[in-house]
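Participant: build the 3D model from these lines:
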Amino acid sequence: MDADRKLRAFTMMVAMGFKEIEVGYPSASGLDFDFVRLLAERDDLVPDDVTVVVFTAARDDLIRRTVASIDGLARAVVHMYTATAPTWRDVVLRASRAGLRTRILHAAGVVLSETDRLAHTYTRFEFSPEVFNLTEPEFVLDVCNAVTGRWDAAPDRPVIHNLPATVECATPNVYADQIEWMSRHLDRRNDVILSVHPHNDRGTGVACAELAVLAGAQRVEGCLFGNGERTGNVDLVTLAMNLYTQGIDPKLDFSDIDAVRRTVEHYNRMPVPDRHPYAGDLVYTAFSGTHQDAIDKGMIFHAKRAAALGVPESEAPWEVPYLPVDPADVGRSYEAVIRVNSQSGKGGVAYLLRTGHGLDLPPGLRVEVGALAQAASEGRAGGGELTPAELWSLFRDEYLVHPGFPVDLDGVEVIEEVTGNFREAIISYVRCRIAEVERWGAGVGSTPEAARHAAMSSAARRAV
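Facilitator: The predicted model follows:
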């Protein structure tokens, strides 16, 4: 990621409300080092309540390079990691438990001595025993406790112990049990912020994070839309929005979730899938007829309840079937909530005609118009989708546009009639019996009588 993309990402995360942002691996990349220096040297990029986090392996030269990058920042967290699991110790690091413990404590000392030289940067420290979830619990506990002591943690300068599920290998409850055990057994617990860092190899990164928080974790590391190595890190968008739907304010601004998505797609150069929770193009969209009918009724109920409470719809309790969050809360319109194809039914068609064109069809007419729409969709290859404009044309041509020949209304019996407003006129829907045949008609007029006459004419012509 180049500097422009990094800056755009950082600026967006600040605007969203993130207070700790890991911005790079300065010892591994010249681009990352230069970007951290940019943040340090410009006064207008890092607000007073935001802390920059930098990442480093537990190696002397890499630590020194990392600390050099943050000189001049008002606040920073130096995040040091090393793998601790048996396979990594044996195959990658070729170190015994005792040897690795010594190596980690030495590196922690280097972090301390190097940051002590920074005259104007307040630093805190973070340690990640990489592959924590596959490491012997008693070993990782011993190492973390030793690091807490080495960094002289205190309540006003707590150490972050970040416990990664670097490769997700078990169900979320197993990870939560590991976090709970650590939370209960860590020394100087009030001097420690317990953090988690789930990956998504099994597709359950969000569940791991949620259960870990319930088990005692105080902090979660992740990425927007789950970017990261392999299958990615835990998705902070989904995690935060899950909290939001349960009535917990995550203190992050997703009021324009599409703008967030576009920015992330730009700097990652990867698309967010259509079905991605909360942000995909289709996640607030129903094609199924039963879903559409329930949503249609739910939206009507929501509007009526808001009116009864005397509050705007945005402030009324949200209880609409199949929509766990009000799309308007994340900057979406209701336009795409219901889309019509061959699997759709009367509810979806009625919803689109009502919200798009002001046509509040009576129940019996909804069934008939739904069948017309389904037939029109099935006539297309693959049961193609009908747009709201096409649905309006279908209704208009069937019910409102009448051929020029006259009709005799003497034998037309009105069985059911519903009248309402339509644009600046009156619309009437009538169900009529004509020579033992029942037909619906619709008509528009400047008065109820004129609209009724036009609707009866519509029904009579449709009976011919």
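Participant: which strands and helices sit next to the lowest-mean-pLDDT helix or strand in the chain?
Facilitator: The least trusted helix or strand in the chain, going by mean pLDDT, DSSP states H and E, turns out to be helix 346-357, with a mean of 90. Under the contact definition 3 or more Cβ pairs under 8 Å, 6 or more residues apart in numbering; DSSP states H and E, helix 346-357 sits against helix 289-309, helix 363-378, helix 388-395. Using the backbone N, CA and C atoms, a C-beta is placed for each residue, glycine as well.
Participant: which elements pack onto the last one?
Facilitator: In terms of contact count using 3+ Cβ pairs under 8 Å, 6+ apart, helix 388-395 is assigned the packing partners helix 346-357, helix 363-378.
Participant: next one: the longest one
Facilitator: Under the contact criterion of 3+ Cβ pairs under 8 Å, 6+ apart, helix 289-309 touches helix 346-357.
Participant: the inter-axis angle of the helix it packs on versus helix 289-309?
Facilitator: 50 degrees (axes from the mean of the first three to the mean of the last three Cα atoms, to 10 degrees).
Participant: grab the nearest non-local neighbour of H197.
Facilitator: Leaving aside its sequence neighbours, H197 sits nearest to P164 (Cβ to Cβ, 6 or more residues apart in numbering; 3.8 Å).
Participant: the one you found contacts E130, correct?
Facilitator: Yes. Between P164 and E130 there is a contact under Cβ atoms under 8 Å: 5.8 Å.
Participant: not counting its neighbours along the chain, what's nearest L352?
Facilitator: Nearest to L352 is P388, by Cβ to Cβ, 6+ apart, at 4.8 Å.
Participant: any figure for the gap between the one you found and P198?
Facilitator: 41 Å (Cβ to Cβ, to the nearest Å).
Participant: give me the more crowded residue out of the two.
Facilitator: Between P388 and P198, counting by other Cβ atoms under 10 Å, P198 is the more crowded of the two (31 against 18).
Participant: in what helix or strand does the more buried one lie?
Facilitator: Per DSSP states H and E: P198 is located in strand 192-198.
Participant: can you give me the strands in this structure?
Facilitator: 20-24, 51-57, 75-83, 122-130, 159-165, 192-198, 219-220, 412-422, 425-434, 437-445 (DSSP state E).
Participant: could I get the ones you listed as CSV with distance to S458 and mean pLDDT?
Facilitator: Output for those, formatted as CSV (distance: least, Cβ to Cβ, whole Å; pLDDT from 0 to 100):
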stretch, distance to S458, mean pLDDT
strand 20-24, 62, 98
strand 51-57, 68, 99
strand 75-83, 71, 99
strand 122-130, 71, 98
strand 159-165, 65, 99
strand 192-198, 61, 99
strand 219-220, 60, 98
strand 412-422, 11, 95
strand 425-434, 8, 96
strand 437-445, 3, 95
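Participant: in JSON lines, list those strands along with distance to E378.
Facilitator: As requested, these are exported to JSON lines (distance: least, Cβ to Cβ, whole Å):
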{"stretch": "strand 20-24", "distance to E378": "51"}
{"stretch": "strand 51-57", "distance to E378": "55"}
{"stretch": "strand 75-83", "distance to E378": "57"}
{"stretch": "strand 122-130", "distance to E378": "55"}
{"stretch": "strand 159-165", "distance to E378": "48"}
{"stretch": "strand 192-198", "distance to E378": "45"}
{"stretch": "strand 219-220", "distance to E378": "47"}
{"stretch": "strand 412-422", "distance to E378": "28"}
{"stretch": "strand 425-434", "distance to E378": "25"}
{"stretch": "strand 437-445", "distance to E378": "21"}
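Participant: indicate which one of the ones you listed is closest to F139.
Facilitator: Taking Cβ to Cβ, strand 122-130 is the member of the strands of the chain nearest to F139, at 8.7 Å.
Participant: by contact count, what packs against the closest one?
Facilitator: The helices and strands touching strand 122-130, judged by 3+ Cβ pairs under 8 Å, 6+ apart, are strand 75-83, helix 97-116, helix 137-150, strand 159-165.
Participant: please consider this matter closed, and thank you.
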